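[1] Next input, structure requested:
(chains A, B and C)
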Amino acid sequence: MRIVETEAYLGADDPAAHAFRGRSPRTDPLWGPPGTVYVYFVYGMHHCLNLAVDAPGVPGCVLIRAAEPLEEGTLPFDACRGPGRLCRALRIDRRLSGRHLFEDDPPLTLREGPSPPLVAVSTRVGIREAADRELRFFDPGSRAVSGRRTVV
DNA sequence: CCAGGGATCCCCT
DNA sequence: GGGGATCCCTGGC
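    Below is the predicted model of the structure:
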């Protein structure tokens, strides 16, 4: 899969971040080292995948909102368009929360690939707090981006 | 547009 | 320990 849409959640400075309300058993992975997986369950039926990216003890994370298949035919093209669908397609659930990308036999792997020619920036989707912060990043050329594809 | 669906967390007993 | 609001969404009207 190629990741085409992400959002940043900044932790202590960001009222939209789960970490903003403080550390709890659910949110604990956010304080882990970069590459720690944080998965939460939302709206009674969806999971969302996040990766801790800040220094250990600093709960910044990236929400993975959409990806597209690298090879035609492996998955329906839009199976990973949107954070809930992406988790369903990749069979990601809370059991992965707290695991790590760089452990032995990791549950997920992340590889660096070519950057898209353009990365668009906008406000984040579906939040109420800090709704004006432009912390969503997406490839405007990808049809797998969820929701609005306009800037800001 | 709207509601389903269930974990989580807050805040009060 | 319990009731209720909330929620980083999606599919179906």
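[2] Counting neighbours, what do you get for whatever residue of chain A ends up closest to DNA strand B?
    Nearest residue of chain A to DNA strand B: A:G44, at 2.4 Å (CB to the nearest atom of the strand). For the C-beta atoms, the positions are set from N, CA and C on the backbone; glycine is no exception. Applying other CB atoms under 10 Å, we find 5 residues neighbouring A:G44.
[3] How are the helices of chain A distributed by residue range?
    Ranges of helices within chain A are A:83-89, based on DSSP state H.
[4] which bits of it sit near DNA strand B?
    Proximity of chain A to DNA strand B (CB under 7 Å from any atom of the strand) is limited to residues A:21-22, A:24-27, A:40-45, A:94.
[5] Tell me how far whichever residue of chain A sits closest to DNA strand C lies from A:V145.
    Taking CB to the nearest atom of the strand, DNA strand C has its nearest neighbour within chain A at A:G126, 2.0 Å off. As judged by CB to CB, to the nearest Å, A:G126 and A:V145 stand 14 Å apart.
[6] More neighbours: which of these two?
    A:V145 (21 against 13).
[7] can you list the residues of chain A near DNA strand C?
    So far as CB under 7 Å from any atom of the strand goes, chain A lies against DNA strand C at A:7, A:9, A:16-19, A:42-46, A:48, A:50, A:61, A:63, A:82-86, A:124-129, A:146.
[8] Where does pLDDT dip in chain A?
    Applying pLDDT under 70 to chain A picks out residues A:148-152.
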